[in-house]
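In: no sequence on hand, only this structure:
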């Protein structure tokens with residue numbers, strides 16, 4: 001997996017969007033959920049980058065599975081922030097939420113390939 005790989009690029013782009021959203025939410029005095037979203041949303045790309053430098057095939061897939069878990073957690077925080085009214089711009093929410101779901105789909109596909117190769 002190279003640094004120009006789709007999952008690397010998308011996870012970094014997503015992390016930058018999460019950082020900007022965190023800054024907006026922080027200005028609205030929402031600190032708890034937005035901090036959790038920031039942590040999990042930026043962790044996706046960090047784990048993808050770690051996977052690239054994995055010491056083994058097992059390490060590679062372990063890091064990608066962590067990235068998938070972080071993406072799922074981020075999806076949850078986005079839902080809570082939206083449903084509680086902190087993210088009130090519907091178009092912006094749908095855009096970042098869809099991007100998160102796209103990352104989840106990509107990571108599921110990659111990790112599913114690993115589980116099928118071990119059968």
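Out: On my side now, so go ahead. Quantities reported herein were computed from a predicted structural model and do not represent experimental measurements.
In: number of residues surrounding the closest residue to residue 59 other than its chain neighbours?
Out: Using Cβ to Cβ, 6 or more residues apart in numbering and skipping residues adjacent in sequence, the residue nearest residue 59 is residue 51, 7.6 Å away. Backbone N, C-alpha and C define where each C-beta goes, glycine included. Look at residue 51: counted by other Cβ atoms under 10 Å, it has 22 neighbours.
In: kindly report the same for residue 87.
Out: By other Cβ under 10 Å, 25 other residues sit near residue 87.
In: tell me the phi and psi of it?
Out: For residue 87, the backbone dihedrals are phi -100, psi 100 (criterion: degrees, to the nearest 10).
In: what do you get for residue 5?
Out: Main-chain dihedrals, residue 5, degrees, to the nearest 10: phi -60, psi 150.
In: circling back: other SSEs contacting the helix or strand in which the residue nearest to residue 59 is found?
Out: If you go by DSSP states H and E, residue 51 is part of helix 32-52. Counting contacts by 3 or more Cβ pairs under 8 Å, 6 or more residues apart in numbering; DSSP states H and E, helix 32-52 is packed against helix 6-27, helix 57-83.
In: let me know the angle separating the shortest one from helix 57-83.
Out: If you take axes from the mean of the first three to the mean of the last three Cα atoms, to 10 degrees, helix 6-27 sits at 30 degrees to helix 57-83.
In: just the angle between helix 6-27 and helix 32-52, please?
Out: Here the directions of helix 6-27 and helix 32-52 differ by 160 degrees (the same axes, to 10 degrees).
In: check the spatially most central residue of the chain and give its pLDDT.
Out: Residue closest to the average C-alpha location in the chain (Cα atoms, centre = their mean): residue 71, at 3.6 Å. Looking at residue 71, its pLDDT stands at 98.
In: now for it: which residues touch it?
Out: Counting by Cβ atoms under 8 Å, 6 or more residues apart in numbering, residue 71 touches 40, 44, 100, 103-104, 107.
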